[in-house]
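Trainee: Need a 3D model of the sequence below.
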Amino acid sequence: MGSKILAINPGSTSTKVALYDDEHPLLELTLRHSAEEIARFDDIISQLDWRREIILSALREQHFDIRELAVVIGRGGLVKPIPAGVYEVNDAMRHDLRHASREHASNLGGLLAADIAAMAGVKAYIADPVVVDEMDDVARMSGLPDCPRRSILHALNQKATVRLHCERVGLVYEEHNFIVAHLGGGISVTAHKRGRMVDTNNALDGDGPIAPERAGSLPTSGLADLCFSGRYTRHDVERLLAGKGGMVAHLGTNSVMSVMERMRAGDEEAKRFIEAMCYTISKEIGVMAAVLEGKVDGIVLTGGIAYNAPVTDAIRQRCSFIAPVTVYPGENELEALMSNALAVLRGICTPRLYT
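Mentor: Numbering: from 1, shown residues only. Next up, the predicted model:
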């Protein structure tokens, strides 16, 4: 018998959990939360006790005793900007997760892991949270000193997927350059230079490509007009940029699957949106190629949207002149969490201290 690892990935309307025996999956559950259930809570953090009990109840129903666990690892939230790696959940991190600058379901990941780990008598970790910051200083500057560029991206999936790619093709991640595009409700496109994510778009705030739930980079004068039109509050604008922008704004849905079905049925509006989304993703990949001075060993496409061949084919058609394009569909975040926890248990990596 190996080491039992519990991985936790909270989302806005579900909590995904997986149980592993070393790298071997024993159980994977998606615990869905209805809009009515979520509406009972004032904010995301107040859902902590409720979500913890749902996880524990689900494990009991599977006849699993949490005292068998060797470690618990959760998806990292909007803590302070930190380098990539595995971090033990400590008091400083718990404080920052509870008082994060932005509400996001991922803020619950480390807190849930810490609560369950304490009950099991083991340690809790997070790995490669969305605020991993390895950007070059030149990439931080925008045209306004009050508006610096920030690194917020799908770091967990990006790091895990490009490492998997390197294993499969026989390359060393820390010795080569890659462009990784995570294609989901938000889209992050990142330049990986010899093991560091030196530039990326802010996927949380909607910067970069048009996405299912993100507006993408906008004409600044148009955005200023919208902000001062009197039709929207600050909260409304933030939701238009991230949550109600992109595909939701144009087509009324965040489901790429349903839009692809509409496109196949001859819906020209759906076709036009998919073409524009692929176009802006490809443009962002081109930007990151310039960041890497054209020295790109591979382009990696991942995330849920990467299951759609028309999307990945369109990106490949525009970008294959830069470097070979490889597709690894799916988020794979639970597996990535497990891999990081297992690396700690096996002494392959040392957890970092969050301060």
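Trainee: Then Tyr328 would be within a helix, right?
Mentor: No: read with DSSP: H, G, I helix; E, B strand; the rest coil, Tyr328 is strand and lies in no helix.
Trainee: Just to check, it is in contact with Val300?
Mentor: Yes: Tyr328 lies in contact with Val300 (CB atoms under 8 Å); the separation is 6.4 Å. No exception for glycine: its C-beta is placed from N, CA and C like everyone else's.
Trainee: ok, the closest residue to Ser151 other than its chain neighbours - how many residues close by?
Mentor: What sits nearest to Ser151 in space, not counting adjacent residues and going by CB to CB, 6 or more residues apart in numbering, is Asp133, at 4.2 Å. Asp133 has 17 neighbours, counted by other CB atoms under 10 Å.
Trainee: correct me, but Asp133 touches Pro81?
Mentor: Yes: shown here, Asp133 and Pro81 form a contact pair, counting by CB under 8 Å, at 3.7 Å.
Trainee: need the helices for the stretch 201-350 of the chain, in chain order.
Mentor: Secondary structure of the stretch 201-350 of the chain by DSSP state H, counting those that start in this stretch: the helices cover 220-227, 234-241, 247-251, 256-264, 268-291, 309-319, 333-345.
Trainee: quick one: contacts for Arg150?
Mentor: By CB atoms under 8 Å, 6 or more residues apart in numbering, the contact set of Arg150 is 81, 133, 140, 202, 205.
Trainee: just curious, which of those is nearest to Gly230?
Mentor: Proximity to Gly230 was ranked across those by CB to CB; first place goes to Asp205, at 22.8 Å.
Trainee: Go ahead and confirm the closest one touches Arg239.
Mentor: No: at 11.6 Å, Asp205 does not count as touching Arg239 under the criterion of CB under 8 Å.
Trainee: hang on, the earlier thing: out of the helices of the stretch 201-350 of the chain, which comes closest to Ser57?
Mentor: That would be, of those and by CB to CB, helix 333-345, which comes in at 18.9 Å.
Trainee: Name the residues of that closest one that are buried.
Mentor: For helix 333-345, a neighbour-count test (16 or more other CB atoms under 10 Å) marks 333-345 as buried.
Trainee: thinking again about what came up before, of the contacts of Arg150, select the buried ones using a PyMOL command.
Mentor: If you want just the buried ones from these in PyMOL, going by 16+ other CB under 10 Å, the selection is:
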select buried, resi 133+202+205
